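Visitor: this is a predicted model, with the sequence first.
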Amino acid sequence: HHTHLHHWNQSIVFYKEKCGDIETIRNIVAKLVQHHSGLMTLFKKHSLTYVGNIDSQNVTWSVTYKELDNLEESVRQREIDRLEEQAQTTLNILDGPIMKLVIIKEKTNLYRFFWVIHHLLIDTVSWHILLEDFHTLFDHMTENHTIALPTQTSSYKDWSIFLNNYSKKIEKDIIYYWKN
(Lines give C-alpha, C1' and ligand atoms only; values in the text may rest on other atoms or scores of the structure.)
Protein backbone atom coordinates (compact mmCIF):
# COMPACT_ATOMS: atom_id res chain seq x y z
CA HIS A 1 0.00 0.00 0.00
CA HIS A 2 1.67 3.23 -1.13
CA THR A 3 -0.69 5.77 0.43
CA HIS A 4 1.92 6.88 2.97
CA LEU A 5 5.04 5.77 1.13
CA HIS A 6 7.21 8.53 2.58
CA HIS A 7 5.99 8.08 6.17
CA TRP A 8 7.49 4.66 6.96
CA ASN A 9 10.17 5.89 9.30
CA GLN A 10 11.94 5.39 12.57
CA SER A 11 12.76 8.14 15.00
CA ILE A 12 14.69 8.60 18.19
CA VAL A 13 14.86 11.31 20.84
CA PHE A 14 17.85 12.09 23.02
CA TYR A 15 18.94 15.02 25.13
CA LYS A 16 22.15 17.00 25.52
CA GLU A 17 23.13 19.71 27.97
CA LYS A 18 24.86 21.67 25.23
CA CYS A 19 24.34 21.97 21.51
CA GLY A 20 26.98 24.05 19.76
CA ASP A 21 26.10 26.16 16.76
CA ILE A 22 23.85 24.95 13.95
CA GLU A 23 26.63 24.95 11.33
CA THR A 24 28.74 22.63 13.47
CA ILE A 25 25.79 20.26 13.85
CA ARG A 26 25.28 20.36 10.07
CA ASN A 27 28.98 19.54 9.61
CA ILE A 28 28.59 16.59 11.98
CA VAL A 29 25.59 15.26 10.02
CA ALA A 30 27.43 15.82 6.72
CA LYS A 31 30.38 13.79 8.06
CA LEU A 32 28.00 11.03 9.19
CA VAL A 33 26.35 10.91 5.76
CA GLN A 34 29.74 10.84 4.04
CA HIS A 35 30.90 8.06 6.38
CA HIS A 36 27.67 6.06 6.02
CA SER A 37 27.05 6.48 2.30
CA GLY A 38 23.74 4.58 2.43
CA LEU A 39 22.27 7.73 3.99
CA MET A 40 22.69 9.41 0.58
CA THR A 41 20.14 7.06 -0.96
CA LEU A 42 17.12 8.38 -2.81
CA PHE A 43 14.63 6.17 -4.63
CA LYS A 44 13.10 6.07 -8.09
CA LYS A 45 9.96 4.24 -9.12
CA HIS A 46 10.50 1.57 -11.75
CA SER A 47 7.28 -0.13 -12.77
CA LEU A 48 5.82 -1.49 -9.51
CA THR A 49 9.00 -1.23 -7.42
CA TYR A 50 11.28 1.44 -6.01
CA VAL A 51 15.01 1.26 -6.58
CA GLY A 52 17.47 3.08 -4.34
CA ASN A 53 20.48 4.90 -5.72
CA ILE A 54 23.16 6.73 -3.81
CA ASP A 55 22.77 10.39 -4.75
CA SER A 56 25.93 12.29 -3.83
CA GLN A 57 24.84 15.32 -5.89
CA ASN A 58 21.86 16.28 -3.71
CA VAL A 59 21.49 16.78 0.02
CA THR A 60 19.30 13.97 1.34
CA TRP A 61 18.96 15.36 4.86
CA SER A 62 18.12 18.49 6.84
CA VAL A 63 18.89 19.96 10.26
CA THR A 64 16.53 22.40 11.97
CA TYR A 65 17.11 24.33 15.20
CA LYS A 66 14.36 25.95 17.26
CA GLU A 67 14.55 27.83 20.55
CA LEU A 68 11.44 27.13 22.60
CA ASP A 69 12.86 27.79 26.06
CA ASN A 70 10.88 31.03 26.37
CA LEU A 71 7.49 29.30 25.99
CA GLU A 72 5.16 28.10 28.71
CA GLU A 73 5.44 24.31 29.23
CA SER A 74 2.10 23.34 27.61
CA VAL A 75 2.68 25.63 24.62
CA ARG A 76 6.25 24.33 24.27
CA GLN A 77 5.03 20.71 24.28
CA ARG A 78 2.43 21.40 21.59
CA GLU A 79 5.10 23.08 19.46
CA ILE A 80 7.50 20.15 19.98
CA ASP A 81 4.75 17.74 18.92
CA ARG A 82 4.03 19.87 15.84
CA LEU A 83 7.70 20.10 14.83
CA GLU A 84 8.25 16.37 15.26
CA GLU A 85 5.11 15.44 13.35
CA GLN A 86 6.10 17.84 10.57
CA ALA A 87 9.56 16.26 10.38
CA GLN A 88 8.08 12.76 10.15
CA THR A 89 5.42 13.56 7.59
CA THR A 90 7.66 15.54 5.23
CA LEU A 91 10.28 12.89 4.49
CA ASN A 92 10.43 12.12 0.78
CA ILE A 93 12.14 9.00 -0.58
CA LEU A 94 12.10 10.31 -4.15
CA ASP A 95 13.36 13.88 -3.82
CA GLY A 96 14.61 14.07 -0.23
CA PRO A 97 15.09 14.80 2.46
CA ILE A 98 14.94 11.23 3.64
CA MET A 99 16.49 12.08 7.03
CA LYS A 100 15.83 15.02 9.39
CA LEU A 101 17.34 16.14 12.66
CA VAL A 102 15.33 18.65 14.69
CA ILE A 103 17.11 20.25 17.64
CA ILE A 104 14.94 22.03 20.17
CA LYS A 105 16.21 24.18 23.00
CA GLU A 106 13.69 23.34 25.72
CA LYS A 107 15.42 25.05 28.64
CA THR A 108 18.77 26.55 29.48
CA ASN A 109 21.26 23.68 29.06
CA LEU A 110 18.61 21.24 27.81
CA TYR A 111 18.47 20.41 24.12
CA ARG A 112 16.11 17.84 22.62
CA PHE A 113 17.40 16.05 19.52
CA PHE A 114 14.63 14.47 17.46
CA TRP A 115 16.08 12.39 14.63
CA VAL A 116 13.90 10.72 12.00
CA ILE A 117 15.06 8.56 9.09
CA HIS A 118 13.00 6.65 6.56
CA HIS A 119 12.92 2.94 7.38
CA LEU A 120 14.37 2.08 3.96
CA LEU A 121 17.67 3.49 5.29
CA ILE A 122 17.67 2.56 8.97
CA ASP A 123 16.95 -0.32 11.32
CA THR A 124 17.51 -0.90 15.04
CA VAL A 125 21.07 -2.17 14.64
CA SER A 126 22.01 0.73 12.36
CA TRP A 127 20.63 3.25 14.87
CA HIS A 128 23.15 2.05 17.47
CA ILE A 129 26.05 2.55 15.07
CA LEU A 130 24.81 5.92 13.83
CA LEU A 131 24.17 7.24 17.35
CA GLU A 132 27.59 6.10 18.55
CA ASP A 133 29.22 7.92 15.64
CA PHE A 134 27.08 11.02 16.22
CA HIS A 135 28.01 11.17 19.91
CA THR A 136 31.70 10.66 19.06
CA LEU A 137 31.62 13.55 16.60
CA PHE A 138 29.56 15.69 18.97
CA ASP A 139 31.97 15.10 21.86
CA HIS A 140 34.95 15.92 19.63
CA MET A 141 33.19 19.10 18.54
CA THR A 142 32.34 20.27 22.06
CA GLU A 143 35.89 19.58 23.25
CA ASN A 144 37.33 21.45 20.22
CA HIS A 145 39.05 18.34 18.89
CA THR A 146 39.37 17.46 15.25
CA ILE A 147 36.15 15.84 14.10
CA ALA A 148 37.01 12.25 13.19
CA LEU A 149 35.46 8.79 12.96
CA PRO A 150 37.03 5.33 12.84
CA THR A 151 38.05 3.97 9.46
CA GLN A 152 35.04 3.50 7.21
CA THR A 153 33.78 -0.04 6.77
CA SER A 154 32.48 -1.36 3.46
CA SER A 155 30.36 1.10 1.56
CA TYR A 156 26.74 0.30 0.83
CA LYS A 157 27.66 -0.11 -2.84
CA ASP A 158 30.56 -2.50 -2.10
CA TRP A 159 28.36 -4.53 0.25
CA SER A 160 25.63 -4.75 -2.42
CA ILE A 161 28.14 -5.96 -5.01
CA PHE A 162 29.48 -8.54 -2.56
CA LEU A 163 25.99 -9.85 -1.77
CA ASN A 164 25.08 -10.01 -5.45
CA ASN A 165 28.23 -11.99 -6.26
CA TYR A 166 27.72 -14.22 -3.24
CA SER A 167 24.15 -15.00 -4.27
CA LYS A 168 25.42 -16.37 -7.58
CA LYS A 169 27.65 -18.85 -5.73
CA ILE A 170 25.02 -20.32 -3.41
CA GLU A 171 24.41 -23.96 -4.11
CA LYS A 172 21.03 -24.82 -5.61
CA ASP A 173 20.05 -27.18 -2.78
CA ILE A 174 20.52 -24.36 -0.24
CA ILE A 175 18.39 -22.02 -2.33
CA TYR A 176 15.73 -24.72 -2.65
CA TYR A 177 15.77 -25.25 1.13
CA TRP A 178 15.18 -21.57 1.92
CA LYS A 179 12.55 -21.07 -0.76
CA ASN A 180 10.57 -24.03 0.50
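Guide: Ah, there it is. Numbering: from 1, shown residues only.

Visitor: before we move on, which element is the nearest residue to His36 once chain neighbours are set aside in?
Guide: Distance criterion CB to CB, 6 or more residues apart in numbering; nearest residue to His36, sequence neighbours excluded, is Leu130 at 6.6 Å. Every residue, glycine included, has its C-beta placed from N, CA and C. If you go by DSSP states H and E, Leu130 is part of helix 124-142.

Visitor: distance from the chain centre to that helix, please.
Guide: Distance, stretch centre to chain centre, for helix 124-142: 11 Å (CA atoms, centre = their mean, to the nearest Å).

Visitor: now do the buried residues in it.
Guide: Buried residues in helix 124-142, counted by 16 or more other CB atoms under 10 Å: Leu130, Asp133, Phe134, Thr136, Leu137, Phe138, His140, Met141.

Visitor: ok, stretch 25-35 next?
Guide: Ile25, Arg26, Asn27, Ile28, Val29, Lys31, Leu32, Val33, His35.

Visitor: tell me the one of those nearest Arg78?
Guide: Arg78 has its nearest neighbour among the buried residues of stretch 25-35 in Ile25, at 24.3 Å by CB to CB.

Visitor: hmm, the closest one is touching Val63, no?
Guide: Yes - if you go by CB atoms under 8 Å, Ile25 and Val63 touch, sitting 5.6 Å apart.

Visitor: which neighbours do those two have in common?
Guide: Leu101, Ile103 (CB atoms under 8 Å, 6 or more residues apart in numbering).

Visitor: pull the residues that contact the lowest-mean-pLDDT helix or strand in the chain.
Guide: Using mean pLDDT, DSSP states H and E, helix 156-169 stands out as the lowest-scoring helix or strand of the chain, at a mean of 80. Residues outside helix 156-169 that contact it (CB under 8 Å, 6+ apart): His36, Ser37, Gly38, Thr41, Ile54, Ser154.
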